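Any chance you could fold what I've pasted below:
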Amino acid sequence: MISLETATNKKIYFASDQHLGAPTNELSFPREQKFVQWLNEVKHDACAIFLLGDLFDFWFEYKKVVPKGFVRVLGKLAEIRDSGIPIYFFVGNHDLWMHDYFEKELNIPVFHSPQEFKINNQLFLIGHGDGLGPHDKGYKRMKKVFTFAPFKWLFRWLHPDLGVKLGQYMSVKNKMISGDEDFKFLGEDKEWLVQYCKRKLNHKHYDYFIFGHRHLPLEIQLKPDSKYINLGDWVNYFTFAVYYNKELSLEKYS
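Below you'll find the predicted structure:
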């Protein structure tokens, strides 16, 4: 568990699901510019920034090659991290093939599963959110295939020009891989991440659960002292969460 303490007048920011590169690099470029602008603004009072996955619509790290593009956002993350502000990255279902590029090049730790953080003595469970909770068995089986080491080894033998093109096509076209086929609120009893959070509370108290993946900005009070927040996305909503004075809330960037 990682422990953090916020300094006076400092905030912690959370964002997810930028899906840069979708449906094409050219069409996602304005969203990349907007996200970089947001990063440039929040760095002035941030004591930490959490990115909860699907920053890219497709990402695969070859030993010597990473996907072309995204220079502005990578440069801004490097600048912020070099200034001393910690950044924590959680892989999503679209960038689950991330390995150590962020850690080596940007000094940003990468997490592949939900993690506990203690912030100002409040307990957080933070992750992307894909494959959690009951049901969604088709996607869970698909994820096991795509995270299977021999499969990744075989994919790496594809030339990057072919591998990246194929990966981008699959990310955009295949809804089972994307896991994002329904962006409407289904009700607490049918929201799998809500059910996941409630089950976790049966065994341990968390003040806050923070996830992405659903592409819906949601604030749900699970118990009087426990809240679930879904961060929405930077495709339709441009929402993020901010933690300040021991309170966590959703905000919209315009």
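
and Leu20, how many residues sit next to it?
By other Cβ atoms under 10 Å, 25 other residues sit near Leu20. In this view, the C-beta of every residue, glycine as well, is placed from N, C-alpha and C.

now the one 10 residues further on
A count of nearby residues for Pro30, using other Cβ under 10 Å, gives 9.

Let's see the helix or strand containing it as PDB, backbone CA atoms only.
Following DSSP states H and E, one finds Pro30 within helix 25-42. C-alpha atoms of helix 25-42 as PDB (Å, rounded to 0.1, in the frame of the first residue of the first chain):
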ATOM      1  CA  ASN A  25      -4.600   9.900 -34.700                       C
ATOM      2  CA  GLU A  26      -5.700  12.900 -36.700                       C
ATOM      3  CA  LEU A  27      -9.300  12.900 -35.400                       C
ATOM      4  CA  SER A  28      -8.100  12.400 -31.800                       C
ATOM      5  CA  PHE A  29      -5.500  15.200 -32.000                       C
ATOM      6  CA  PRO A  30      -7.900  18.000 -30.700                       C
ATOM      7  CA  ARG A  31      -8.700  15.800 -27.700                       C
ATOM      8  CA  GLU A  32      -5.000  15.300 -27.000                       C
ATOM      9  CA  GLN A  33      -4.400  19.000 -27.100                       C
ATOM     10  CA  LYS A  34      -7.300  19.500 -24.700                       C
ATOM     11  CA  PHE A  35      -6.000  16.900 -22.300                       C
ATOM     12  CA  VAL A  36      -2.500  18.400 -22.500                       C
ATOM     13  CA  GLN A  37      -4.000  21.800 -21.700                       C
ATOM     14  CA  TRP A  38      -5.700  20.300 -18.600                       C
ATOM     15  CA  LEU A  39      -2.400  18.800 -17.500                       C
ATOM     16  CA  ASN A  40      -0.700  22.100 -17.900                       C
ATOM     17  CA  GLU A  41      -3.300  23.800 -15.700                       C
ATOM     18  CA  VAL A  42      -3.600  21.200 -12.900                       C
END
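
which residues sit against the next helix or strand along the chain from that helix?
Beyond helix 25-42 on the C-terminal side, the first helix or strand identified by DSSP H and E is strand 46-51. For strand 46-51, the surrounding residues in contact (Cβ atoms under 8 Å, 6 or more residues apart in numbering) are 4, 6-7, 10-16, 39, 42-43, 80, 85-90, 126, 210.

okay, strand 46-51 in CSV with CA atoms only?
Output of strand 46-51 as CSV, limited to C-alpha atoms (Å, rounded to 0.1, in the frame of the first residue of the first chain):
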residue,chain,number,x,y,z
ALA,A,46,-1.3,19.1,-7.9
CYS,A,47,0.6,17.0,-5.4
ALA,A,48,-0.1,13.8,-7.4
ILE,A,49,-1.9,12.8,-10.7
PHE,A,50,-3.5,9.4,-11.3
LEU,A,51,-4.2,8.2,-14.8
